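>>> this one's sequence-less:
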């Protein structure tokens with residue numbers, strides 16, 4: 001059997017990569033172990049593959065071999081950037097596999113709007129009967145992915161297909177397949193939790209009022225009373241802590257939102273009747289966009305209510321963030337993982353560079369066992385030490401007295417790296433602002449502080465176009481590729497524990513302290529992986545929070561050997 005696999009891998013190598021291609025150390029062995037596990041009937045494989053090990057090639061090779069055995073599967077990506085990297089690999093190496101993203105990543109070529117406002121959708125027409133169907137970027141990508149033996153999807157799209165679309169489709173385009181390869185598998189629990197967590201904020205009522213006004217003004221239906229009921233119920237959500245009452249209110253909101261469905265369907269018919277040849281006015285398009293938004297929020301509330309009905313109201317966590325924002329989380333994550341994810345995956349490969357302790361990881365995603373495969377790092381970290389200052393803690397109780405020392409130490413490090421770009425992990429926006437306010441002007445000019453995702457994208461581009469800039473903020477632990485001169489140093493002002501001001505985090509900590517520590521370890525490992533991205537890359541890391549010692553002491557096996565070897569304690 002192993003000999004046959006070796007022959008297939010040689011065919012794979014020569015066919016797609018050419019004779020000059022050489023496997024990285026551990027790649028071929030990982031593919032053989034995964035296929036061997038499949039042949040032995042093992043259901044779950046964890047592939048712990050550090051940065052630079054080439055796990056995407058492993059995923060592609062496994063998929064190709066299983067395709068040769070007439071098995072079909074999915075590769076799931078956590079972010080658009082990762083999905084696009086896979087797409088580049090598919091194209092570069094001539095894999096004729098399809099990839100599909102969310103609908104608004106494509107333009108309608110008939111009216112040049114985002115596809116959710118494409119002609120077929122706003123006119124409620126069967127897209128297959130339209131002349132532009134064959135050249136539509138979205139439907140072309142969707143159909144190619146559906147027809148491919150291995151299809152590349154993002155998690156959100158896959159979850160929607162498995163749990164919504166397939167329930168009503170006579171012949172689903174994306175049914176459950178024989179295997180599923182989950183890249184960035186350490187994010188899996190957060191992805192599922194976020195997908196089933198309804199959220200209410202100022203914009204919720206603003207959008208709902210705008211849509212209600214449109215339906216009333218254009219005499220489609222008057223929802224003034226329904227809007228007031230929803231407004232009052234959302235206020236009640238903010239005012240009550242009783243879980244049974246919260247569930248009752250959420251059920252009422254679900255029912256009220258569903259009342260709008262009649263007008264939404266009528267709106268789509270009126271668009272076709274009143275604007276058969278021309279584009280509908282801007283306000284009509286906006287109403288259609290808001291209609292899609294309303295259906296999405298209704299779906300989230302409905303799903304959450306179903307989960308609570310099937311488990312218990314004791315699982316409701318009301319999670320305010322700010323005065324006017326409220327998210328609902330569910331503590332019964334094992335039910336969510338099995339009902340909405342694991343049941344659809346078939347043979348499952350979970351890949352990541354940062355699993356920490358695999359037993360903690362499995363428990364977190366409600367699985368009992370898996371075959372564990374560890375690929376060793378091939379990087380030379382001799383130029384990439386981690387300097388750990390182990391005398392001052394930055395915990396909630398101790399950080400205030402240690403802030404002056406932190407400011408001084410960051411000042412010294414920035415001076416040491418005055419001709420290089422870098423990154424500062426702060427764990428919170430508030431701490432980022434405090435650090436910025438207490439640094440000398442010569443360093444303030446270098447530092448790029450941001451607020452929110454959009455600003456982060458902008459300052460990241462500034463960092464990559466400039467010299468000697470420093471990116472500082474709380475959410476810089478994942479998804480950044482700060483290779484080579486883009487970042488030659490990284491500072492952890494604080495160990496990135498999840499914030500206990502988040503009620504869901506605080507509640508889970510009481511139930512499962514090991515999960516809380518595991519998340520902090522994942523964040524440390526992810527953060528240290530932002531700056532060393534290849535075999536020739538290097539960067540120096542500084543950790544200023546002595547709390548790291550507790551994590552290492554109680555969870556030694558969760559830290560990879562290369563992390564421990566890089567660690568140099570500064571007294």
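Yep, it's here. It should be emphasised that the depicted structure is a prediction, and the values quoted were computed from it without experimental measurement.

>>> and stretch 400-415, average pLDDT?
Mean pLDDT, stretch 400-415: 97.

>>> chain center to it, what's the gap?
Computed by Cα atoms, centre = their mean, to the nearest Å, the separation of stretch 400-415 from the middle of its chain amounts to 32 Å.

>>> Surely residue 21 touches residue 10?
No. Counting by Cβ atoms under 8 Å, residue 21 stays clear of residue 10, with 10.8 Å between them. C-beta: built from backbone N, CA, C; applies to glycine.

>>> Strands of the stretch 101-250 of the chain, start to end?
Across the stretch 101-250 of the chain, reading from the start of the chain, the strands by DSSP state E, counting those that start in this stretch fall at 150-154, 179-182, 199-200.

>>> Please tabulate those in TSV, including the columns distance to residue 507.
TSV is the format used below for these (distance: least, Cβ to Cβ, whole Å):
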stretch	distance to residue 507
strand 150-154	29
strand 179-182	26
strand 199-200	17
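
>>> who wins for proximity to residue 569 among these?
Nearest of these to residue 569, taken as Cβ to Cβ: strand 179-182 at 36.2 Å.

>>> quick one: average pLDDT of the closest one?
Strand 179-182 carries an average pLDDT of 98.

>>> Repeat that for stretch 507-523.
If you average the per-residue pLDDT over stretch 507-523, you get 94.

>>> and what of stretch 21-37?
For stretch 21-37, the per-residue pLDDT values average out at 94.

>>> same thing with stretch 528-537?
Along stretch 528-537, the predicted confidence averages to a pLDDT of 89.

>>> and what of stretch 485-496?
Per-residue pLDDT values across stretch 485-496 average out to 95.

>>> contacting residues around it?
Applying Cβ atoms under 8 Å, 6 or more residues apart in numbering, the contact partners of stretch 485-496 are 394, 399, 406, 410, 413, 417, 420-427, 431, 435, 463-464, 471, 474, 477, 520, 523-524, 527-528, 530-531, 538-545, 547-548, 551.

>>> let's go with 6 Å and repeat that
Under the criterion Cβ atoms under 6 Å, 6 or more residues apart in numbering, residues 394, 413, 417, 420-427, 464, 523, 531, 539-545, 547-548 lie in contact with stretch 485-496.

>>> now do the same end-to-end measure for that stretch.
25 Å (Cα to Cα, to the nearest Å).

>>> what does stretch 390-405 give?
For stretch 390-405, the separation between the terminal residues is 13 Å (Cα to Cα).

>>> likewise stretch 170-184?
Across its full length, stretch 170-184 reaches 32 Å between end residues, using Cα to Cα.

>>> Tell me the gap between it and the middle of its chain.
18 Å.

>>> likewise stretch 253-269?
With Cα atoms, centre = their mean as the basis, the distance from the averaged C-alpha position of stretch 253-269 to the chain average is 30 Å.

>>> Just the buried residues of it, please?
Of all the residues in stretch 253-269, those buried under the rule 16 or more other Cβ atoms under 10 Å are 253, 254, 255, 256, 257, 260, 263, 264, 267, 268.

>>> Other residues contacting it?
Counting by Cβ under 6 Å, 6+ apart, 124, 215, 220-221, 226, 229-230, 233, 291, 294, 298, 301-302, 305 sit against stretch 253-269.

>>> Could you measure from the residue nearest the centre of the chain over to residue 465?
Central residue of the chain (Cα atoms, centre = their mean): residue 78, 4.7 Å from the mean position. Using Cβ to Cβ, to the nearest Å, residue 78 is found at 26 Å from residue 465.

>>> Could you pull up the residues touching the residue lying closest to residue 138 once chain neighbours are set aside?
Distances taken as Cβ to Cβ, 6 or more residues apart in numbering put residue 106 closest to residue 138, at 3.8 Å, once the chain neighbours are dropped. Counting by Cβ under 6 Å, 6+ apart, residue 106 touches 115, 137, 138.

>>> could I get the residues you listed as TSV with neighbour count?
Formatted as TSV, those follow (neighbours: other Cβ atoms under 10 Å):
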residue	neighbour count
115	21
137	13
138	23
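
>>> least confident pick among those?
Within the contacts of residue 106, pLDDT is lowest for residue 115, at 86.

>>> That one contacts residue 103, doesn't it?
Yes. Under the criterion of Cβ atoms under 6 Å, residue 115 lies in contact with residue 103, with a separation of 4.5 Å.

>>> Which residues are in contact with each of these two?
Overlap between the neighbourhoods of residue 115 and residue 103 consists of residue 138, taking contacts as Cβ under 6 Å, 6+ apart.
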